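Asker: structure for this input, please:
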Amino acid sequence: MTNTELVILRELNAAPNEFVSGAQLATKLSISRVAIWQHMEKLRREGFEFEAVRARGYRISKHPTALHAIYIEAILEAKQRTFPLTVLDEVDSTNDEAARQLADGRQTPFVILARKQTKGRGRFGRVWHSDDHHNLYSSFAFRPQLAPHLMPTFTLWMGVNICELITNFCSMQAGLKWPNDIVFDGRKAGGMLTEARIDSDQMRDLVFGLGLNVNNPAGAWPTELASRATSLAEQSGEPLNLNRFAAALIGRVSLAYKQFVEGDHTTTFADTWNYYDVLRGQDIVVLNGEQRIAGTASGIDDTGSLLIRDKQGRSQRFTAGEVTLEKVL
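Answerer: From the prediction side, this is the model:
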């Protein structure tokens, strides 16, 4: 069955600066113009505003600030990219919801988006602040049939692509703090978390989670995060169109995943990471179990391992699953 709102939004998106007549929409959908008006009233209640001119038609004058599944799908269809998505008002964790749907046999790939998480988390179970401030909490689910040792590299490759997306979409450059943070001048705007069910020789299921502060206003942070967190809107000085950014993210992750499983990322991965790397040249402390290794970060190798030169001048490498960083930036 045709989703009427999807067709309406797709037609209006295709001509953003022009009017689309109600008669044209009615003919395309084989319904009455009164029915078109009723569907547009429903979209108005969901945050859209339309400019209507007699004998000319409609055009979108305002978009919803909250995530809107049909609007995202309309944008994706216009770009001829398909990636089945679910938008939830609230969820414990998008990664957990994606894992549940994988366990129920949902076909991959798919993406789960949420307006709010009640149990958002990062590496080592750290809490990720996930209130409903028009941010992006997302998880992408795959069945990649890749070797388990590639999982840390996958997270870093996605980080490179997300930073490039932010650069292109927002005209400002984010930084990457190994292994999974997206930062601006030492303040965290996003975090990535990849989880997988692994057989002896391959990943059975893989979930890539991204929490990204998109439109969180500067004064909305909890006291303990005020000096450490930031958002894309805070950095750019104006709110972003969250749904257009979500659609752009889905398209970019889809492309990056294809490149990764086909091995097309290997020639540019390390160099591109090093371009965004905020640790390179910084004095850091690596915690590896009970060990504390102080040294200077010197980028990553082709497998995504962190390279440091310790106080004795020796080069050491660490994988993301083994270590955390005590004090950086």
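Asker: average pLDDT for the longest strand along the chain, rounded please.
Answerer: As assigned by DSSP state E, the longest strand anywhere in the chain is strand 187-198. Average pLDDT, strand 187-198: 91.
Asker: same question for stretch 213-225.
Answerer: 81.
Asker: how long is that stretch end to end?
Answerer: 12 Å (Cα to Cα, to the nearest Å).
Asker: and if you look at stretch 285-294?
Answerer: Between the opening and closing residues of stretch 285-294 lies a distance of 4 Å (Cα to Cα).
Asker: quick revisit: list the helices and strands the longest strand of the chain packs on?
Answerer: Under the contact criterion of 3 or more Cβ pairs under 8 Å, 6 or more residues apart in numbering; DSSP states H and E, strand 187-198 touches helix 94-103, helix 151-170, strand 181-184, strand 203-212. C-beta here means a position set from N, CA and C on the backbone, and glycine is covered the same way.
Asker: if we use 6 Å, what do you get?
Answerer: Under the contact definition 3 or more Cβ pairs under 6 Å, 6 or more residues apart in numbering; DSSP states H and E, strand 187-198 sits against helix 151-170, strand 181-184, strand 203-212.
Asker: can you tell me the SS state at residue 111?
Answerer: strand (DSSP: H, G, I helix; E, B strand; the rest coil).
Asker: where along the stretch 1-150 of the chain do the helices fall?
Answerer: In the stretch 1-150 of the chain, the helices defined using DSSP state H, counting those that start in this stretch lie at 4-14, 22-29, 33-45, 69-78, 94-103.
Asker: sec struct for residue 224, please.
Answerer: Secondary structure, three-state DSSP: residue 224 is helix.
Asker: quick check, central residue of this protein?
Answerer: The centroid of the chain falls nearest to residue 210 when counting by Cα atoms, centre = their mean (4.9 Å).
Asker: which one of the helices of the stretch 1-150 of the chain lies nearest to residue 214?
Answerer: The closest of the helices of the stretch 1-150 of the chain to residue 214 is helix 69-78. By Cβ to Cβ, the value is 13.4 Å.
Asker: between that closest one and helix 4-14, how many degrees?
Answerer: Comparing the axes of helix 69-78 and helix 4-14 via axes from the mean of the first three to the mean of the last three Cα atoms, to 10 degrees yields an angle of 50 degrees.
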